[in-house]
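Colleague: Test case, fold it:
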Amino acid sequence: MQYLNGFEHYLRSKDKSDNTISCYLRDMKQFIGWYLTKTEHGLHKIIELDAVEYKKHLQKGKQAIITINRKLASLNVFLQWMKEAGHIKEEIIVKPIKNREVITYKGLEQQDVWKLRKEIHRQGNLIHVCMIELLLQTGIRVSELVNIRLSDIELSERKGTLAIIGKGNVKRTLPLNKDVRKAIERYLPERPEADTDHLLIGQRGSLKRNAINLILSHYGDRLNIKVTPHMIRHTLGHTLVKQQVEITTIQQIFGHSNIQTTNIYTVTTDKEMEKALESVEW
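Modeller: Below you'll find the predicted structure:
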């Protein structure tokens with residue numbers, strides 16, 4: 001308690017508010033309680049490894065990073081006072097935790113992709129089939145999808161390409177695989193006449209992004225699956241990474257100006273981690 005009393009006097013000499021002092025003292029009571037369970041030595045024998053161990057102890061709990069860093073900041077002030085007061089010889093500073101954003105998988109599970117595709121194909125609405133195959137097989141953004149014009153598409157017997165104007169008005173050309181080519185070729189004869197050459201034409205003219213979202217939500221609700229165009233895009237990106245496609249190739253497919261953006265698709269899903277650990281044999 002003598003250390004806490006001295007620390008409190010030090011804080012008041014620095015014109016700290018009563019609330020701040022109370023917070024510092026509460027944090028240090030917690031630290032001292034932990035410290036005394038870990039060693040028989042008094043606080044005057046504290047070393048840097050003790051502070052580092054305490055940091056790891058806090059990280060193992062369920063407290064938010066901002067709370068842990070506040071407690072570490074309190075500890076640093078306390079240790080600074082301990083050094084200035086001559087209670088310890090070495091300066092000890094524990095670094096705060098870097099608040100790195102956890103990247104999570106934002107796509108669809110593989111079985112849900114199959115459920116969604118089969119449901120859309122089974123219902124037989126050719127514009128919906130064309131829509132899902134374009135999204136799933138090319139990874140284009142919903143804004144790029146609704147802006148596709150007939151003149152952007154070139155189809156031949158065994159090949160096909162799609163010209164896309166992406167973010168920043170950057171043009172890229174994507175090859176169309178057989179599933180997309182088939183979906184487009186089946187839809188075109190059924191495409192309604194319109195005053196525009198946009199590819200996807202609904203009852204009220206060219207489809208807008210809100211219409212795409214509503215269509216996907218409709219199918220998702222039927223299957224109890226949450227689905228958005230962005231989730232489909234993320235699903236393809238993650239699938240290409242799993243298939244060991246070069247990250248620079250994925251970057252070009254998705255129209256990313258910065259490869260760091262493409263790295264979001266390298267995230268590991270919970271099921272992939274579970275499968276990996278279940279396959280371990282010692």
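
Colleague: can you map out the helices along the stretch 101-250 of the chain?
Modeller: 110-123, 126-138, 142-146, 178-187, 209-223, 229-242, 247-254 (DSSP state H, counting those that start in this stretch).

Colleague: For those helices, state which one has the densest average packing.
Modeller: helix 126-138 (a mean of 22; mean count of other CB atoms under 10 Å). C-beta here means a position set from N, CA and C on the backbone, and glycine is covered the same way.

Colleague: Next up, the contacts around the residue lying closest to A183 once chain neighbours are set aside.
Modeller: Distances taken as CB to CB, 6 or more residues apart in numbering place E133 nearest to A183, at 4.0 Å, with adjacent residues excluded. E133 makes contact with 179-180, 182-184, according to CB atoms under 8 Å, 6 or more residues apart in numbering.

Colleague: and which of these is nearest I164?
Modeller: I164 lies nearest to V180 out of the contacts of E133, by CB to CB, at 12.9 Å.

Colleague: Tell me how far W34 lies from L200.
Modeller: 62 Å (CB to CB, to the nearest Å).

Colleague: and if you look at H44?
Modeller: For H44, the distance to L200 - CB to CB - is 75 Å.

Colleague: who's more crowded, those two?
Modeller: Neighbour count, other CB atoms under 10 Å: between H44 and L200, L200 has more, with 21 against 11.

Colleague: hang on, isn't the more buried one packed against K208?
Modeller: No: counting by CB atoms under 8 Å, L200 stays clear of K208, with 9.5 Å between them.

Colleague: So for those two, which residues contact both of them?
Modeller: Residues within reach of L200 and of K208 at once, by CB under 8 Å, 6+ apart, are V146.

Colleague: what sits up against the helix-or-strand element of the chain with minimal mean pLDDT?
Modeller: Using mean pLDDT, DSSP states H and E, helix 270-278 stands out as the lowest-scoring helix or strand of the chain, at a mean of 75. If you take CB under 8 Å, 6+ apart as the criterion, helix 270-278 is touched by 105, 109.

Colleague: Convert the C-alpha atoms of it to CSV, please.
Modeller: The C-alpha coordinates for helix 270-278 follow below in CSV (Å, rounded to 0.1, in the frame of the first residue of the first chain):
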residue,chain,number,x,y,z
ASP,A,270,-13.2,-21.2,-39.9
LYS,A,271,-14.1,-24.4,-41.7
GLU,A,272,-10.7,-24.4,-43.5
MET,A,273,-8.9,-24.1,-40.1
GLU,A,274,-11.1,-26.8,-38.6
LYS,A,275,-10.4,-29.1,-41.6
ALA,A,276,-6.6,-28.4,-41.4
LEU,A,277,-6.5,-29.2,-37.7
GLU,A,278,-8.7,-32.3,-38.0
